[in-house]
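Asks: could you work out the structure for the sequence below:
(one chain, ligands or ions: 2)
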Amino acid sequence: MPKAIIAPSVLACDFANLQAEATRMVKNGADWLHLDVMDGHFVPNITMGAPIIKCLRPCTEAFFDCHMMVADPARWVEDIAQAGGNMYTFHIEATKDPVSVIHLIHKHGMKAGVALKPGTPVEAALGDVAELADMILIMTVEPGFGGQKYKEECVAKALTLRQRYPHLDIEVDGGLALDTIDSSAQAGANVIVAGTSLFGAPNPHEVITTFRNKVNEAQKQWIQ
Ligand SMILES: O=C(CO)[C@H](O)[C@H](O)COP(=O)(O)O
Ligand SMILES: [Co+2]
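Replies: Ligands and ions are numbered 1, 2, ... in the order given. Predicted coordinates:
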């Protein structure tokens, strides 16, 4: 049974104090750090790349969950691996050959995630992709910006995946908060990305603990 993993998105942090903000979340119980890489082509925004990840790497042992919102996913695999990325999650919409990108990511010693935009049907990830990937990311907002409204309709994709792949890591990303976590947890997502709701929380430890408890409780229905 996949365990609950809470991954704060540093997109919502004060980038002028990235080290302190990232380590604060780890101290408050975060399992992973979700690093949103945007190239200004796949999405209409630019955030960070390998140089920032390289600087952050020595600051924490945390697992770096790199969400690659880039037009050429294969192009950045080596750079992110060398910078210290652990999970390389690319968008299925950005390539005609997701299987070869997954193999390239594994060749560079990282776990491979495959992300689906809200408008992409779950069928795109079924079969080879879900069987080869280490994680599927179901976007619950249009990629490109934090602080957007959660799209609950997207989590039906997570349920389809959970019913077929009981041991797969399924991540949700976009608008996750105390008032939206239930539908994602109930749909079988076990990796929870949250930016605004965690970096804006007076007590992030409490929110992280609530997210974790909701996921672990929901996962019991899939015990094999
Ligand atoms: O991938 C992303 C946006 O493209 C971010 O990870 C996501 O939006 C998290 O931020 P928030 O919790 O504020 O929605
Ligand atoms: Co993200």
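Asks: can you see whether the lengthiest helix in the chain contacts ligand 1, counting any residue in it?
Replies: Counting residues, the longest helix found in the chain (DSSP state H) is helix 204-219. No - between helix 204-219 and ligand 1, judged by CB under 6 Å from any ligand atom, nothing touches; the nearest distance is 11.2 Å. C-beta here means a position set from N, CA and C on the backbone, and glycine is covered the same way.
Asks: same question, stretch 180-199
Replies: Yes - Stretch 180-199 reaches ligand 1 (CB under 6 Å from any ligand atom) through Val193, Ala194, Gly195, Thr196, Ser197.
Asks: and the end-to-end length of that stretch?
Replies: 16 Å (CA to CA, to the nearest Å).
Asks: any bit of it sitting next to ligand 2?
Replies: No - residues of stretch 180-199 contacting ligand 2 under CB under 5 Å from the ion: none, with a closest distance of 5.5 Å.
Asks: mind listing what's buried in that stretch?
Replies: When burial is assessed from 16 or more other CB atoms under 10 Å, stretch 180-199 yields the following buried residues: 180-181, 183-199.
Asks: likewise for stretch 216-223?
Replies: Ala218, Gln219.
Asks: before we move on, what about stretch 61-71?
Replies: Ala62, Phe63, Phe64, Asp65, Cys66, His67, Met68, Met69, Val70.
Asks: quickly run through the sheet partners of the helix or strand containing the fourth one, with directions.
Replies: Using DSSP states H and E, Asp65 maps to strand 63-69. Within its sheet, strand 63-69 is paired with strand 32-38 (parallel), strand 87-91 (parallel), according to DSSP bridges.
Asks: ok, back up a step: need the CA coordinates for the longest helix of the chain. PDB is fine.
Replies: Output of helix 204-219 as PDB, limited to C-alpha atoms (Å, rounded to 0.1, in the frame of the first residue of the first chain):
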ATOM      1  CA  PRO A 204       2.300  23.900   8.600                       C
ATOM      2  CA  HIS A 205       3.000  20.900  10.800                       C
ATOM      3  CA  GLU A 206      -0.700  20.700  11.600                       C
ATOM      4  CA  VAL A 207      -1.700  20.800   7.900                       C
ATOM      5  CA  ILE A 208       1.000  18.300   6.900                       C
ATOM      6  CA  THR A 209      -0.200  15.900   9.700                       C
ATOM      7  CA  THR A 210      -3.900  16.300   8.600                       C
ATOM      8  CA  PHE A 211      -3.000  15.600   4.900                       C
ATOM      9  CA  ARG A 212      -1.000  12.500   6.000                       C
ATOM     10  CA  ASN A 213      -3.800  11.100   8.200                       C
ATOM     11  CA  LYS A 214      -6.400  11.600   5.500                       C
ATOM     12  CA  VAL A 215      -4.300   9.800   2.900                       C
ATOM     13  CA  ASN A 216      -3.400   6.900   5.200                       C
ATOM     14  CA  GLU A 217      -7.000   6.500   6.300                       C
ATOM     15  CA  ALA A 218      -8.200   6.500   2.700                       C
ATOM     16  CA  GLN A 219      -5.500   4.000   1.500                       C
END
